[in-house]
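Asks: Quick one: sequence plus predicted model below, questions after.
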Amino acid sequence: MKKLMNRKIVLVISLIILVVSIATIGIYRQYFYSEKPIELSYGEFLESIEAKQIHKVFLSDDAKLKGEFENGQSFITDHPRTDNLKETLLMENIEVNEVGEQQSVGQIIIFIVLIAAFAGGAYYLSKQTSRQASKEYDKMSTVEFSTQKQSSITFSNIAGNEEAKENVMELVDFLKNPEKYQRYGARMPKGVILYGPPGTGKTLMAKALASEAGVDFLAVSGSDFVQVYAGLGAGRIRNLFKKAGEKGKCVIFIDEIDAIGKKRDRGGFGGSDESDRTLNALLTEMSGFKGSEGIVVMAATNRLDILDEALLRPGRFDRQIEVGLPDLKARQDILKLYTKNRPMASAISIERIAHQTVYFSGAKLENLMNEAAIYAARENAQYISEKHIDKAFYTVIAGEEKKDRSNIKEIDKKVTAYHEAGHAIATKLLCPENRVTKVTIIPSTKGTGGFSMNIPPDSMYHRKKGMLNNIKVALAGRVVEELVFGEENITTGASNDIQKATEIMMAMTKQFGMSEEVGMINYDILLGQSGGIDQKLAEICNVEMKKLYVETKELMNQHIELIEAIAEKLIEKETLNEIDINNILEMYTSKSYI
Ligand SMILES: Nc1ncnc2c1ncn2[C@@H]1O[C@H](COP(=O)(O)OP(=O)(O)OP(=O)(O)O)[C@@H](O)[C@H]1O
Ligand SMILES: [Zn+2]
């Protein structure tokens, strides 16, 4: 097919070259190709007229006149450009050819021929290409999905991430018995986004869901929809949903959803039109189908924060499930999974390996055990031993970028533990109505480490005291770093906290009239939306922030032993849940530390 196409292109190009050459030769002949003319002076010319030796004259706008003697010899002479030259010549019975007109007609014809030739060629070519393109378009708007009927992957193949797993498991029943939920008028979940670092088992979850529910699994990648041809991405989306509709119950899995679902550039110029169209098609399709059909769309991304909000609205991907890096316990479980069917030396301690693999993802742990198996096989060893695992460890972390945190230093782990303990204890002391459900030193997509608190049901207003306490909770991480490791050893880990504290502080002073010095002034209105920095306002906020920092420091200092206890436990277990935290707290309350 390609060869045939090439031959046609060659044909058309040769045709064009031929036409152009012929035209050029014609022009050349007309202008230049004649025997060499004799040069006459104007006097000689007039004499020749009188002598009736001139047969014809070509009148043109040129500086020279051309003509022919009766004997056919051509000549040129200076053009007098007199008004009555033509009349004079005609009266002498000399043939007059107005060359200008003739030429321009000739030129126009040549011009038309040329244009026609080019247009013809171009048309032919474009027809060829568009025929080809439309064929490709047809082919490409059909996405290649990997369809899987009943894969062997089940939830038992996924270790760790218990919460995420439970969330996904709930969907199994939705898929199996959509009618049941419909009867109760329950709105079916349509879209679920799994977010978290690479290799944490997002694809695995989606596959397990499909296979446990006994439905088809349609997998595509967001990058399949990023296309050079306009409208193709959107076409593929429609096609995908059409296919899914034909199948009936199924799980559609869109990996790397961020490739099409990035925040739209509002106000920016062009550029993202095509991806906008693709995203719009996805949104339309998602709003289009009813969850009761038993179709669930699962999407995976490493970054939830870059997704367009429109995607996360109710009726679209309204369930968001975090799939995080495994903590110590989860790593042990994953390691158990990947050592189960391998000949392991009995001396191997899964616990030790789990301890050494902080910040490893599930995929990396799998890779570690696989590399160890390869080393053992190469040596024809009877068992996979610690030696092989150690060797594999360096292979797995060797090729990685420095920023990868797997080989994080112990001291960093310690700093994170104290920092997070600070946040957690500050919350417990200052905002006891908030539950601290989890503290961890495993980084999440939201940043290093983290603690989750469940903020109590929204009250209508935020109180000044509550807002100040929230600032203190944000500052507590850095405060504890300073208290424990010294002012010189504070880290960049507090950058998000500082941002949050500043946001609350600015809102209090600029919008809510909660600062005595600023008073009841809305600074946005005062300075106009473009803002600008008001030096005085910045100073007021800074003074207030320093005061809060000192107060937080005092509070943390009073409870430093409690913070130490939490931090040490965190270093040991990496993640503490609500019960762990409360147990430690109780121990200390009973010792009347609080
Ligand atoms: N929690 C886990 N339990 C067991 N195996 C896991 C787990 N997480 C990852 N793995 C292993 O890592 C492999 C890759 O995981 P998966 O493709 O599901 O990751 P992902 O989160 O979808 O990654 P990506 O964001 O790179 O697409 C799996 O096939 C499995 O072998
Ligand atoms: Zn922090």
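Replies: Cool, got the structure. Residues are numbered from 1 along each chain as shown. Ligands and ions are numbered 1, 2, ... in the order given.
Asks: Count the residues that sit near Lys52.
Replies: Counted by other Cβ atoms under 10 Å, the residues lying close to Lys52 total 11. Any C-beta I mention is one placed from the backbone N, CA and C, and that applies to glycine too.
Asks: hang on, it packs against Glu92?
Replies: Yes - the criterion here is Cβ atoms under 8 Å, and Lys52 meets it with Glu92 at 7.2 Å.
Asks: give the contact list for Glu551.
Replies: Lys472 (Cβ atoms under 8 Å, 6 or more residues apart in numbering).
Asks: and if we set it to 10 Å?
Replies: Residues in contact with Glu551 (Cβ atoms under 10 Å, 6 or more residues apart in numbering) are Leu430, Leu468, Lys472, Leu475, Val479.
Asks: Could you provide those in a markdown table, with additional columns for neighbour count and distance to ligand 1?
Replies: Formatted as a markdown table, the contacts of Glu551 follow (neighbours: other Cβ atoms under 10 Å; distance: Cβ to the nearest ligand atom, whole Å):
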| residue | neighbour count | distance to ligand 1 |
| --- | --- | --- |
| Leu430 | 20 | 35 |
| Leu468 | 19 | 40 |
| Lys472 | 23 | 36 |
| Leu475 | 26 | 34 |
| Val479 | 29 | 35 |
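Asks: Report the buried residues of stretch 578-592.
Replies: For stretch 578-592, a neighbour-count test (16 or more other Cβ atoms under 10 Å) marks Asp580, Ile581, Ile584, Leu585, Tyr588 as buried.
Asks: what's around Arg316, how many residues?
Replies: Neighbour tally, Arg316, other Cβ under 10 Å: 22.
Asks: and it, that's in a helix?
Replies: No - according to DSSP: H, G, I helix; E, B strand; the rest coil, Arg316 belongs to no helix; its state is coil.
Asks: hang on, it packs against Met286?
Replies: Yes - with contact defined as Cβ atoms under 10 Å, Arg316 counts as touching Met286 (4.9 Å).
Asks: Identify the contacts common to those two.
Replies: Lys190, Gly191, Val297.
Asks: Test my guess that the first one contacts Ala299.
Replies: No - Lys190 lies out of contact with Ala299 (Cβ under 10 Å); the separation is 11.1 Å.
Asks: list residues touching both of the two?
Replies: Arg316, Phe317.
Asks: who's in contact with the closest residue to ligand 1 within the stretch 351-500 of the chain?
Replies: Nearest residue of the stretch 351-500 of the chain to ligand 1 (Cβ to the nearest ligand atom) works out as Gly362 at 2.1 Å. Contact analysis of Gly362 by Cβ under 10 Å, 6+ apart lists 158-161, 197, 199-202, 204, 323, 325-326, 330-331, 333-335, 337-338.
Asks: if you set the cut-off to 7 Å instead, what comes out?
Replies: Remark: with contacts taken as Cβ atoms under 7 Å, 6 or more residues apart in numbering, Gly362 is in contact with Gly160, Gly199, Thr200, Gly201, Pro326, Ile334.
Asks: can you check Ala494 too?
Replies: Gly477, Arg478.
Asks: so how far is Met369 from the residue of the stretch 351-500 of the chain closest to ligand 1?
Replies: With distances taken as Cβ to Cβ, to the nearest Å, Gly362 is found 11 Å from Met369.
Asks: cool, and Cys541?
Replies: Cys541 is 52 Å from Met369, by Cβ to Cβ.
Asks: For the helix or strand where Lys66 lies, C-alpha coordinates in PDB please.
Replies: For Lys66, the host element (DSSP states H and E) is strand 64-69. Extracted in PDB, the C-alpha atoms of strand 64-69 (Å, rounded to 0.1, in the frame of the first residue of the first chain):
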ATOM      1  CA  LYS A  64      13.700  49.000 -27.100                       C
ATOM      2  CA  LEU A  65      11.500  48.400 -30.100                       C
ATOM      3  CA  LYS A  66      11.600  45.200 -31.900                       C
ATOM      4  CA  GLY A  67      10.800  44.600 -35.500                       C
ATOM      5  CA  GLU A  68      11.400  42.700 -38.700                       C
ATOM      6  CA  PHE A  69      12.700  43.700 -42.100                       C
END
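Asks: Packing partners of it?
Replies: The contact analysis (3 or more Cβ pairs under 7 Å, 6 or more residues apart in numbering; DSSP states H and E) places strand 64-69 against strand 54-59, strand 74-78.
Asks: JSON lines please, covering the ones you listed and showing distance to ligand 2, mean pLDDT and mean neighbour count.
Replies: Output for the helices and strands packed on strand 64-69, formatted as JSON lines (distance: least, Cβ to the ion, whole Å; pLDDT from 0 to 100; neighbours: other Cβ atoms under 10 Å):
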{"stretch": "strand 54-59", "distance to ligand 2": "93", "mean pLDDT": "83", "mean neighbour count": "19"}
{"stretch": "strand 74-78", "distance to ligand 2": "94", "mean pLDDT": "83", "mean neighbour count": "18"}
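Asks: could you dump these to CSV with distance to Thr357?
Replies: Listed next are these as CSV, based on distance: least, Cβ to Cβ, whole Å:
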stretch, distance to Thr357
strand 54-59, 95
strand 74-78, 96
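Asks: re earlier: give me the buried subset of the shared contacts of Arg316 and Met286.
Replies: Of these, these count as buried by 16+ other Cβ under 10 Å: Lys190, Gly191, Val297.
Asks: hmm, back to that, Ile397: which of the contacts of Gly362 is nearest?
Replies: Closest to Ile397 out of the contacts of Gly362 is Gly199 (13.7 Å), distances taken as Cβ to Cβ.
Asks: does Glu433 sit in a helix or strand, and which one?
Replies: Counting by DSSP H and E, no helix or strand carries Glu433.
Asks: For ligand 2, see how far away it is.
Replies: Using Cβ to the ion, to the nearest Å, Glu433 is found at 21 Å from ligand 2.
Asks: got the residues of the protein near ligand 2?
Replies: Proximity of the chain to ligand 2 is confined to Gly477, Asp497 under the rule Cβ under 5 Å from the ion.
Asks: quick one, domains of the chain?
Replies: For the chain, automatic domain parsing gives the domain ranges 2-105, 146-322, 328-398, 410-590.
Asks: quick one: Lys207 is in a strand?
Replies: No - under three-state DSSP, Lys207 sits outside any strand and is assigned helix.
Asks: surely it meets Ser152?
Replies: No - with contact defined as Cβ atoms under 7 Å, Lys207 does not count as touching Ser152 (9.3 Å).
Asks: Between these two, which has more neighbouring residues?
Replies: Lys207 (23 against 8).
Asks: Now that one. Nearest residue, chain neighbours left out?
Replies: Ile153 (4.5 Å; Cβ to Cβ, 6 or more residues apart in numbering).
Asks: could you point out where this protein is predicted with low confidence?
Replies: For the chain, applying pLDDT under 70 flags the ranges 1-35, 100-118, 120-151, 227-228, 264-274, 291-292, 398-409, 444-460, 529-533, 592-594.
Asks: Spatially central residue for it, please.
Replies: Nearest to the mean C-alpha position of the chain, counting by Cα atoms, centre = their mean, stands Ala259 at 4.1 Å.
Asks: hmm, back to that, taking the contacts of Glu551, tell me the two that lie furthest apart.
Replies: Leu468 and Val479, at 14.7 Å, using Cβ to Cβ across the contacts of Glu551.
Asks: How about the stretch 401-550 of the chain: which residue is closest to ligand 2?
Replies: Closest residue of the stretch 401-550 of the chain to ligand 2, Cβ to the ion: Gly477 (3.4 Å).
Asks: Give me the buried positions along the helix or strand that contains that residue.
Replies: Using DSSP H and E, Gly477 falls within helix 464-485. Using 16+ other Cβ under 10 Å as the test for burial, helix 464-485 gives 466-485.
Asks: Tell me if Lys569 really is in a helix.
Replies: Yes - with three-state DSSP as the criterion, Lys569 is part of a helix.
Asks: ok, it touching Ile584?
Replies: Yes - using Cβ under 7 Å, Lys569 is in contact with Ile584, at 6.4 Å.
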